[in-house]
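Colleague: how does the following fold in three dimensions:
(one chain, ligands or ions: 2)
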Amino acid sequence: MIAPSILSADFARLADEAAAVAGADWLHVDVMDAHFVPNLTLGLPVVKSLLGATDIPLDCHLMIDDPDRWAIGYAEAGAYNVTVHVEAAADPVRLAKDLRAAGAKAGLSLKPGTPIEPYTEVLKHYDTLLVMSVEPGFGGQKFMADVLDKVRTARRLVDTGHLTLVVEIDGGINADTIEQAAEAGVDCFVAGSAVYDAADPGQAVERLRAQAAR
Ligand code: DX5
Ligand code: ZN
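Modeller: Numbering: from 1, shown residues only. Ligands and ions are numbered 1, 2, ... in the order given. Got it, this is the predicted structure:
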């Protein structure tokens, strides 16, 4: 699956930018609060507007403090998948249950330096694992290949039936990096600059999809 990140889109034309990637599986929405990460983007009002402007399922990636308080609003609004950071969540198991009860898929994200092993029990409550392959905060950064070991571990846990998760990767995914990520076992690829800096974002999505399937 390919999830274009609107972080690299034109925020004044979000409906058009979503329409430009109509063939995408999920539309990745980066919510940043200038506390958990040193950048500020958009929040629930914009997500609500976007939900009315596109049929692509929204994949909301909350890079915010206190997701235990704020994440539920995105689920209740109708986001398809709501991902919180394990480094920020006080009670990630409770949070996953609340997100699912509100009708969303529950996602858990790990920063590049955060290991997966301590969270294998927690992940039993989640639908999506978002492995960060850059330090969260900005688009257009360099892919950190080190995190592929974490992807392999996640893949193994899923393939052996210990976990049921979509394994998603976020950061630095482009034509040069997507194949190694696919080989490591990623199911869903977030791509911001590789899609929206392209002359034809829709075509960029299809190219990435073809490369990942190779
Ligand atoms: C970074 C965000 C990413 C970002 C990826 O903190 O979580 O979703 O948009 O951008 P690229 O694909 O340009 O690395
Ligand atoms: Zn993201």
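Colleague: in stretch 61-75, what's buried?
Modeller: 61-65, 67-68, 70-75 (16 or more other C-beta atoms under 10 Å). Quick note: C-beta positions are derived from backbone N, CA and C, even for glycine.
Colleague: first-to-last residue distance for it?
Modeller: Start-to-end span of stretch 61-75 (C-alpha to C-alpha, to the nearest Å) is 12 Å.
Colleague: where do the helices sit along this structure?
Modeller: Assigned by DSSP state H, the helices in the chain fall at 14-19, 44-51, 67-77, 92-101, 148-159, 178-184, 193-196, 201-212.
Colleague: let me know which of these is tucked in deepest.
Modeller: helix 193-196 (a mean of 24; mean count of other C-beta atoms under 10 Å).
Colleague: identify the residue nearest residue 40 in space, chain neighbours excluded?
Modeller: Among residues not flanking residue 40 along the chain, residue 34 sits closest, at 4.1 Å (C-beta to C-beta, 6 or more residues apart in numbering).
Colleague: for beta bridges, what are the partners of whichever residue of the chain sits closest to ligand 2?
Modeller: Nearest to ligand 2 in the chain, going by C-beta to the ion, is residue 61, at a distance of 3.7 Å. Residue 61 forms beta bridges with residue 30, residue 83, as assigned by DSSP bridges.
Colleague: of the helices of the chain, which approaches residue 127 most closely?
Modeller: helix 92-101 (7.7 Å; C-beta to C-beta).
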